[in-house]
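Trainee: The following block contains a protein sequence and its predicted model.
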Amino acid sequence: MGGPCQAFAKDHTEVATSTSDSDDEMPLSTRVVSVKTEKNGVVPSRYADDSGSDSDDGVPLAKLKGKVYAKPNRCASNSGSGSGSGSGSDSGSESDQPLSTIKAARNVKAPKKEAAGASNGSAAKAGVKRPKKEPASAPKDAKKPKVSAKDKGATSAAKKPAATAAAAKGAAKAKNGTKSKIVVKSESNVTAASQDDNGDSDSEEYKWWLEEKNDDGPKWTTLEHFGVMFPPEYVPHGIPLTYKGKPFKMHPAVEEVATFFAALVDTEHGNNPVFQQNFFMDFRALCNKHMGNHPIEEFKDCNFDKIRAHLDVQSAKRKAMTKEDKEAAKKERLAIDEKYGFCTLDGRREKVGNFRIEPPGLFRGRGAHPKTGRLKKRVLPEQVTINIGKEAKVPDPPAGHKWGNITHDNTVTWLAMWKENINGSTKYVYLAAGSSLKGQSDMRKYEKARSLVKCIDKIRSEYTKELKSEVMAVRQRATAMYLIDRFALRAGNEKGDDEADTVGCCSLRCEHIDLEPPNIVKFDFLGKDSIRYERTTEVDKQVWKNLRLFQKEPKTPGDMLFDRLTTASLNKHLQTLMPGLTAKVFRTYNASYVFDQQLVDTPADGTEAEKILAYNRANRMVAVLCNHQRAVSKGFEGQMSKIEDKLLAVRYQRMLLKNHLLEIAPTMKKKRPDLGKKEPGVTASWIKKHLIANCEIDREKATKKFERDNEKLKEAREPVMPKSKLKEILAEIDEREKSIKKGTYVAEPPVAKNALTEKILEKIDKLTERIANIEVNKIEKDENKSTALSTSKINYIDPRISIAWCKKHNVPLEKIFTKTLREKFTWAMDVDKDYRF
DNA sequence: CTGGTTACTTAGCACACTCTGA
DNA sequence: TCAGAGTGTGCTAAGTAACCAG
């Protein structure tokens, strides 16, 4: 098998020759690495000053802006398209360097670790965590804080003399309630939103962002909380499953799982064969365990209808709850939130995020997840580790139970933790997004991305150079960096066979790209959450050549494109370019950068609506860049055709006016050539349908009006109109309909008979404007149907850009940030209106 | 290295809730 | 006034990336 040694040796000797290149119009450089940037200019224009040609510049979105990008599409099954292309115009000469060995080394998927989830002995290990860094409980070199032993502040202040000590002092003060300047009364109205005064108005906020930062070191000094909340026990309903037509009464534990499935019958999951199979496997195992000999053999013989009916009744009941009941339920919920929803961190009350232990259920893996449908078991307190301050009271576990473990690790931010049985992964209870801990790391994230702004030029010119490196590993790395930078691809860690087959940059396989000369790349692969990434775009010529080289024989579809690259090696390299730089920073950087750039186009004297439109446009551009998608809503097609119809109706109106005008003033045609233009889509058959539909509408209208009028007359004690009056009107409409059907009907232009040409023209122009509006709406709606704006707003766009924009353009913040978002971003509220990313 | 852990961020979906326009 | 579209939030799956032992 060649062995690692061989591969290792390769790494250093390997030359990315590619000599041949058959069509030598673009020979890859050999020895001499030329520095000049190709005309396709990956880099400069963009950050330098932008003013430059906007033609092709480096803005990743340049391409996206136009219609070039392909419609994103969801696809459940991978397929791999079978293309593979192989392209490599013959010869392939490819020289001495047998990629095959490399391929052998990396391409073999690691023999999957026996699914950790299968055996749940893992639970026993819960809570035994590797001693990371220096757990603050025993700081090696901590100076004794002179604040007194019981004030646990400043545990390891020694590490970072000045800053840390200062921060620690701050923390200590805060704790004592001295709250010197750290706590500042919320000042001048940032915008209306910053002072939601729902309740906690009096308590001064802790403005951590005004403190000196203290990146590493302990995350907290004291921590108190109430633990986690467990889901309610299962209450059996006693309704049997129907098996081969016979009722099958179940043990409660079995019944519970059957009920999980019943809830999913006729949903996408419930219809998925893998889901069914996995569910059924676990279901049968449970039957075996609890019900001795039972008849359950085949999934297809199970009928869940009765249970399903019961569930439907239940949910109907829930919906029909009285106001009081609903109120009571809400109160109960609030009481729970009040208790578990908060913790005390360094003396301050902070919101806890997901304090509810995940209830049991059927695992809903996304995409083609091999384990989808398996039973996610109920979590017991014995499996839960509680992380809490040393001095704090350990919360009581549920009666009759014990906690799995108690730790006091202040190097981490989680309050509780447990192992989940499907993939053996760890679930954590963290503070809420609006907490100081989360806020701090959020802010750090954006600051890091911002520091990339300063060195991106250098990084780009460097990887551009390295695109021609003779060392294959370096060339691959440079190419990957290009893709990550330009197209905001994710890093692409390796994945196991027991997960859905999704990829990111480093894990791209040959079948995921198609190359078209001279420099077109078609990406088509499933990314995170099995969301399809489909994009056809131009790339730098050298990148294109590299991709062709990486794809070349002996590689075949299924082989790694970047066989000499891992996310770890990539990130290691990135660290050398800028401290803290990793692949994902590029995503944050590009998203925020593009957003910031796009907002420059906001119409300064536009209406609020126009400004918000510009904002959302910028937002959408980022979402497209990051490929953030959402499912197209059910009614979308219908809504769309409604808009289309409305559009045609207005066009039809305009057509009538135009015809009318040209009739009474034929000379206008010269002055206004647009008057002679046809209205697209307004065909004879459409007009007919439209007019007939109008008849129906008119009938309804007439009837309603008649009834209403009579109602009024009655009230006024006046004689009502006779039914025959309505009949007359309806008969008229009937007449009209008949003539439409016969084709003898002549529509009246929607204008007064003796209207002047100017008046008619004015009307036409108004309609034109309306048409433009509807069209914009339509395009917006269409673009939005599958694009999710929220993800980028929450995770990628520096909130300070948005807040500064609001201040600058006088738009109330709540127009763009929901309440939770405003809470999450309190740290950014004080930003200057001229802030640039 | 490599594989396994651990901790934390990012992601889309379901569903409750709110708004809006006939 | 009420249905149906649009929003907001909670939930939890699925990523990234660092660290550690062997």
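Mentor: Structure's in. What do you need? Numbers count the residues shown, from 1 in each chain, chains lettered A, B, ... in the order given.

Trainee: What is the helix or strand containing A:Leu452 packed up against?
Mentor: Using DSSP states H and E, A:Leu452 maps to helix A:436-466. Counting contacts by 3 or more CB pairs under 8 Å, 6 or more residues apart in numbering; DSSP states H and E, helix A:436-466 packs against helix A:45-48, strand A:348-351, helix A:472-487, helix A:567-577, helix A:583-599, helix A:819-824. For the C-beta atoms, the positions are set from N, CA and C on the backbone; glycine is no exception.

Trainee: What mean pLDDT does that helix get?
Mentor: Average pLDDT, helix A:436-466: 96.

Trainee: So it, near DNA strand B or not?
Mentor: Yes - under the criterion of CB under 7 Å from any atom of the strand, DNA strand B is reached by helix A:436-466 at A:Lys438, A:Ser441, A:Asp442, A:Lys445.

Trainee: Could you identify the most distant pair in those residues?
Mentor: Within these, two members stand farthest from each other by CB to CB: A:Lys438 and A:Lys445, at 10.4 Å.

Trainee: which bits of the stretch 651-800 of chain A sit near DNA strand B?
Mentor: A:Ala788, A:Ser790, A:Thr791, A:Ser792, A:Asn795, A:Tyr796.

Trainee: Whatever helix or strand the third one lives in and DNA strand C in contact?
Mentor: Just to be clear, that refers to A:Thr791. With secondary structure defined by DSSP H and E, A:Thr791 is part of helix A:790-795. Yes - contact of helix A:790-795 with DNA strand C (CB under 7 Å from any atom of the strand) involves A:Ser790.

Trainee: Give the other helices and strands that the next helix or strand after that helix contacts.
Mentor: The element immediately downstream of helix A:790-795 (helix or strand, assigned by DSSP H and E) is helix A:799-809. Judged by 3+ CB pairs under 8 Å, 6+ apart, helix A:799-809 is in contact with helix A:583-599, helix A:608-625.

Trainee: out of these, nearest to DNA strand C?
Mentor: Across these, the minimum distance to DNA strand C, taken as CB to the nearest atom of the strand, is reached by helix A:583-599, at 3.2 Å.

Trainee: Quick one: work out the angle between that closest one and helix A:567-577.
Mentor: On the basis of axes from the mean of the first three to the mean of the last three CA atoms, to 10 degrees, helix A:583-599 is oriented at 60 degrees to helix A:567-577.

Trainee: Residues contacting helix A:583-599, please?
Mentor: Residues from elsewhere that reach helix A:583-599 (CB atoms under 8 Å, 6 or more residues apart in numbering): A:47, A:50, A:59-61, A:445-446, A:448-450, A:452-453, A:456, A:484-485, A:488, A:490-491, A:505, A:567, A:570-571, A:574, A:614-615, A:617-619, A:621-622, A:625-626, A:792, A:796-798, A:801, A:805, A:836-837.

Trainee: just the buried members of the residues you listed?
Mentor: Buried residues within these, defined by neighbour count using 16 or more other CB atoms under 10 Å: A:47, A:59-61, A:445-446, A:448-450, A:452, A:456, A:484-485, A:488, A:490-491, A:505, A:567, A:570-571, A:574, A:614-615, A:617-619, A:621-622, A:625-626, A:792, A:796-798, A:801, A:805, A:837.

Trainee: Could you break chain A into its assigned domains?
Mentor: Domains of chain A are assigned by automatic domain parsing as A:3-109+A:442-595, A:137-187+A:202-217, A:227-340+A:354-430, A:637-779.

Trainee: where's A:Pro799 relative to DNA strand C, distance?
Mentor: A:Pro799 sits 14 Å away from DNA strand C, going by CB to the nearest atom of the strand, to the nearest Å.

Trainee: so that residue touches A:Thr826, yeah?
Mentor: No - using CB atoms under 8 Å, A:Pro799 is not in contact with A:Thr826; the gap is 9.5 Å.

Trainee: got the contact list for the residue of chain A most remote from its centre?
Mentor: The outermost residue of chain A relative to its centre, with distances by CA atoms, centre = their mean, is A:Pro719 at 63.2 Å. Residues in contact with A:Pro719, defined by CB under 8 Å, 6+ apart, are A:Leu713.

Trainee: and A:Pro799 and A:Thr826? which has more neighbours close in?
Mentor: Neighbour count, other CB atoms under 10 Å: between A:Pro799 and A:Thr826, A:Pro799 has more, with 25 against 22.

Trainee: need the contact list for the more buried one.
Mentor: Shown in contact with A:Pro799 (CB under 8 Å, 6+ apart): A:Tyr446, A:Phe817, A:Leu821, A:Lys824, A:Phe825, A:Ala828.

Trainee: near DNA strand C, which of the residues you listed show up?
Mentor: Here is what survives when the contacts of A:Pro799 are matched to DNA strand C using CB under 7 Å from any atom of the strand: A:Leu821.

Trainee: which of the contacts of A:Pro799 has the most neighbours?
Mentor: A:Phe825 (26 neighbours).

Trainee: How much space separates it from A:Ile801?
Mentor: Between A:Phe825 and A:Ile801 the computed distance is 11 Å (CB to CB, to the nearest Å).

Trainee: So for A:Lys438 and A:Lys445, which residues contact both of them?
Mentor: Here A:Lys438 and A:Lys445 have no joint contacts, going by CB under 8 Å, 6+ apart.

Trainee: Please name the spatially closest residue to A:Gly227 (chain neighbours excluded).
Mentor: A:Pro395 (3.3 Å; CB to CB, 6 or more residues apart in numbering).

Trainee: Report the contact partners of that neighbour.
Mentor: By CB under 8 Å, 6+ apart, A:Pro395 lies in contact with A:His225, A:Phe226, A:Gly227, A:Ile386, A:Ile388.

Trainee: Between the residues you listed, identify the one with the most neighbours.
Mentor: Among these, A:His225 has the most neighbours (other CB under 10 Å), with 27 neighbours.

Trainee: any idea how far that residue is from A:Glu608?
Mentor: 43 Å.

Trainee: How confident was the prediction at A:Asn107?
Mentor: At A:Asn107, the model reports a pLDDT of 37.

Trainee: A:Trp686 is in contact with A:Leu647, isn't it?
Mentor: No - judged on CB under 8 Å, A:Trp686 makes no contact with A:Leu647 at a distance of 11.2 Å.

Trainee: neighbour count winner among the two?
Mentor: The neighbour comparison of A:Trp686 against A:Leu647 (other CB under 10 Å) goes to A:Leu647, with 20 against 15.

Trainee: Spatially nearest residue to the more buried one (excluding sequence neighbours)?
Mentor: Using CB to CB, 6+ apart and skipping residues adjacent in sequence, the residue nearest A:Leu647 is A:Ile774, 4.8 Å away.

Trainee: mind showing which ranges of chain A have poor pLDDT?
Mentor: Residues of chain A that meet the criterion pLDDT under 70 lie in A:1-204, A:212-214.
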